[in-house]
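Undergrad: Give me a 3D structure for the following:
(one chain, ligands or ions: 3)
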Amino acid sequence: MATNFLKQRELAIMAREQKILLREAEIMQREKALHLGENNTAANAALNALNQAQLVEANQNLVVASIRAQTMMEAAEQANAQMSHMAEHDLLTGLPNRSLMTYRLEQSMTLAQRNNYQVALMFLDIDHFKNINDSLGHAIGDELLQSVAKRLQACVRLSDTVSRYGGDEFVVLLSEVKDPEDSIIIADKLISAMAMPHQISGHLLHVTMSIGISLFPVDSKNPEALVRDADTAMYQAKKKGRNKYMMFTQDMNLRAVARQSIEQALHQALLNQEFVVYYQPKVNLETEQIIGAEALIRWQRTQHSLIQPIDFVSVAEECGIMLPIGHWVLREACRQTQAWLKAGLPIGQIAVNVSATEFHNKGFFEGVRAILQETGLPPHLLEVEITESGLMQDIETTAILYALKEIGVQIAIDDFGTGYSSLSYLRNFPIDTLKIDQTFVKDINASTGETIVTAIIAMGLSLKHRVVAEGIETQEQLDFLKSCHCAEGQGFFFSEALPARDFATLLERSLT
Ligand code: C2E
Ligand code: MG
Ligand code: MG
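TA: Ligands and ions are numbered 1, 2, ... in the order given. All right, here's what the predicted structure looks like:
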């Protein structure tokens, strides 16, 4: 903007200079005419020669000034064009941005109305993109976005628009749709295009996308509502397991309202103390004795409805209320464990899940320390479980982990094997425990599951980490894990998560 303004000023100054030169030339011409009237021929001849030379010079200056003015004008025009391109395109991917997309959407809607066809709007969101950004860093995240942008563009016609809407969200505008089926064909094409791994800075990244589709004029006649409908449909695609598309239907709006009411209800639940902690025993696989427990939250919404974390933890994280809820779980689990210890029940270690938002929140470490002080629980009896995708490879993360370690708290990587991390964090972070994700344990009778489980156990043992298998449901799985020297585990085979009182009874019984 500022350079453009300066150029305009320079042009104005040069125009003024040109005017002055022309006026000087005029004055000299007039002087010449006057002198011609006089009879001093020798003097006149000398003056004439001088005037002639000045005129030539003035002319030359004029030509140079005009060329300079032309060049400046072209540069200003180029800068103007660049600026308007920047205002309408995304810097990272070069795709049209939200404002250009909105303009094209409005244009397409007008044309479609006139020519009696439809417009399809697709809202796309990369699944678990945050995991990639958090675990591999923003530079790799940015390269991935560029690679995704290229693939999307390759799937549509030139007359269609692929735009970056923000973060990991893209909007594709199909401007001439004769049959809604066409948009489904394109959605399938986009999903298949994503199936091939992206080669980014030595990483092979497998990413998927969730897509929501809305149609003009069927779903809405208003551009903003059309985008909102496609976004709502995309959210449903995520809920249905991701890596798929969903066409918008009106009843989805009702579900969006329901989600809003969950948010409100969560705030109320915290005030009304409707959350409860359940405890799932962790056992020594050799002796089958209880050596600790994992604290798992439940929401006792009414006397008869117990809501599982899968139905509210992610909503709570998104709306920011997971911070106070997580803090409450940590305090309650530490308080209860200390109460059991004081009552003579050797529960062992208590594991508490900590979401990425909680872990990276400023006051997290101080919160843990304060709770340990307040409840009197010995720090080595607390283990925090964090998923590998929740761990950023940055200085702050390392500092928090070392600070926890220093006061004696143990650190477990939850759902190990399901994140995108490069395994280098195993070397850099002070980790005590790897928890093999239950999907691998479930696959133990299949050869791939066995291979992965064997590899994780071997790696954990060689790095001197404890290894805990999650989701053990059958004798066969238990036998296999024992044969691989996995020392600890939990799962329905031993017990599901229980209310505090039932857990204490189970523990007491196991001691006799
Ligand atoms: P997670 O930390 O991996 O917890 C293990 C989940 O597996 C628990 O589900 C547990 O009940 C379930 N499970 C245990 N054994 C078996 C089995 O043999 N078979 C099967 N199919 N499932 C088994 P739950 O309690 O529904 O918790 C789900 C997830 O919610 C947890 O996964 C954790 O990520 C999250 N979560 C639970 N409580 C909290 C909490 O207090 N804070 C945070 N941030 N997240 C929590
Ligand atoms: Mg866990
Ligand atoms: Mg887990």
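
Undergrad: Mind jotting down where the strands sit in the stretch 151-300 of the chain?
TA: 161-166, 169-177, 198-200, 203-205, 209-216, 245-247, 275-284, 290-302 (DSSP state E, counting those that start in this stretch).

Undergrad: I misspoke; the intended subject was the stretch 401-512 of the chain.
TA: 410-416, 433-436, 466-469, 488-489, 498-499.

Undergrad: Can you tell me which of those is nearest to ligand 2?
TA: strand 410-416 (4.2 Å; Cβ to the ion). Placement of C-beta: from N, CA and C, glycine included.

Undergrad: for the chain, what are the low-confidence residue spans?
TA: Applying pLDDT under 70 to the chain flags the ranges 1-15, 17-18, 21-22, 25, 28-29, 31-44, 46-47, 393, 420-422.

Undergrad: Which positions in it make contact with ligand 1?
TA: Taking Cβ under 6 Å from any ligand atom as the contact definition, the chain meets ligand 1 at 280, 296-297, 308-310, 313, 326, 329, 353-355, 385, 414-415, 438, 470-473, 490-492, 497.

Undergrad: if you look at those, which of them are in helices?
TA: With helices taken from DSSP state H, the overlap with the residues of the chain next to ligand 1 comprises Val313, Gly326, Val329, Gln438.

Undergrad: Could you identify the pair within the residues you listed that is furthest apart?
TA: For those, the farthest-apart pair by Cβ to Cβ is Gly326 and Gln438; their separation is 21.6 Å.

Undergrad: neighbour count winner among the two?
TA: Gly326 (24 against 18; other Cβ atoms under 10 Å).

Undergrad: Test my guess that Glu508 contacts Leu345.
TA: Yes. Using Cβ atoms under 8 Å, Glu508 is in contact with Leu345, at 6.7 Å.

Undergrad: Ser389 and Ser159: what is the separation?
TA: With distances taken as Cβ to Cβ, to the nearest Å, Ser389 is found 39 Å from Ser159.

Undergrad: Which residue of the two possesses the greater neighbour count?
TA: Just comparing Ser389 and Ser159: by other Cβ under 10 Å the higher neighbour count belongs to Ser389, 20 against 11.

Undergrad: Would you mind giving both backbone torsions of that one?
TA: phi -70, psi -20 (degrees, to the nearest 10).

Undergrad: likewise Ala343?
TA: The phi/psi pair for Ala343 (degrees, to the nearest 10) reads phi -80, psi 0.

Undergrad: State the number of residues packed around it.
TA: Ala343 has 10 neighbours, counted by other Cβ under 10 Å.

Undergrad: Quickly check: the helix or strand hosting Ala351 near ligand 3 or not.
TA: Assigned by DSSP states H and E, Ala351 belongs to strand 349-353. No. Using Cβ under 5 Å from the ion, strand 349-353 stays clear of ligand 3, coming no nearer than 7.9 Å.

Undergrad: Adjacent strands (with direction) for that strand?
TA: strand 290-302 (parallel), strand 382-387 (parallel) (DSSP bridges).

Undergrad: so what secondary structure elements neighbour the following helix or strand past that strand?
TA: Using DSSP H and E, the helix or strand that follows strand 349-353 towards the C-terminus is helix 356-359. Contacts defined by 3 or more Cβ pairs under 8 Å, 6 or more residues apart in numbering; DSSP states H and E place helix 356-359 against helix 322-342, strand 382-387.

Undergrad: Kindly state the domain boundaries assigned to the chain.
TA: Domain ranges of the chain: 2-86, 98-248, 262-511, per automatic domain parsing.

Undergrad: The last one near ligand 2 at all?
TA: Yes. Domain 262-511 lies within reach of ligand 2 by Cβ under 5 Å from the ion, at Asn353, Glu385, Asp414.

Undergrad: what would the strands of the stretch 401-512 of the chain look like in JSON lines with distance to ligand 3?
TA: JSON lines is the format used below for these (distance: least, Cβ to the ion, whole Å):
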{"stretch": "strand 410-416", "distance to ligand 3": "4"}
{"stretch": "strand 433-436", "distance to ligand 3": "5"}
{"stretch": "strand 466-469", "distance to ligand 3": "9"}
{"stretch": "strand 488-489", "distance to ligand 3": "12"}
{"stretch": "strand 498-499", "distance to ligand 3": "17"}
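
Undergrad: among the ones you listed, which is nearest Ile371?
TA: Judging these by Cβ to Cβ, what sits closest to Ile371 is strand 410-416, at 15.1 Å.

Undergrad: Partner strands of that closest one and their direction?
TA: strand 382-387 (parallel), strand 433-436 (parallel).

Undergrad: So which residues make contact with it?
TA: Under the contact criterion Cβ atoms under 8 Å, 6 or more residues apart in numbering, strand 410-416 has outside partners 349, 351, 353, 380, 382-388, 391, 401, 404-405, 429-437, 456, 468, 470.

Undergrad: Write the ChimeraX selection for whichever of those residues are buried.
TA: Of those, the buried ones go into a single ChimeraX selection, burial set by 16 or more other Cβ atoms under 10 Å:
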select :349,351,353,382,383,384,385,386,387,388,391,401,404,405,429,431,432,433,434,435,436,437,456,468,470
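
Undergrad: could you pull out the helices for the stretch 401-512 of the chain?
TA: Taking DSSP state H, counting those that start in this stretch, the helices of the stretch 401-512 of the chain run over residues 425-428, 438-442, 447-462, 475-483, 500-511.
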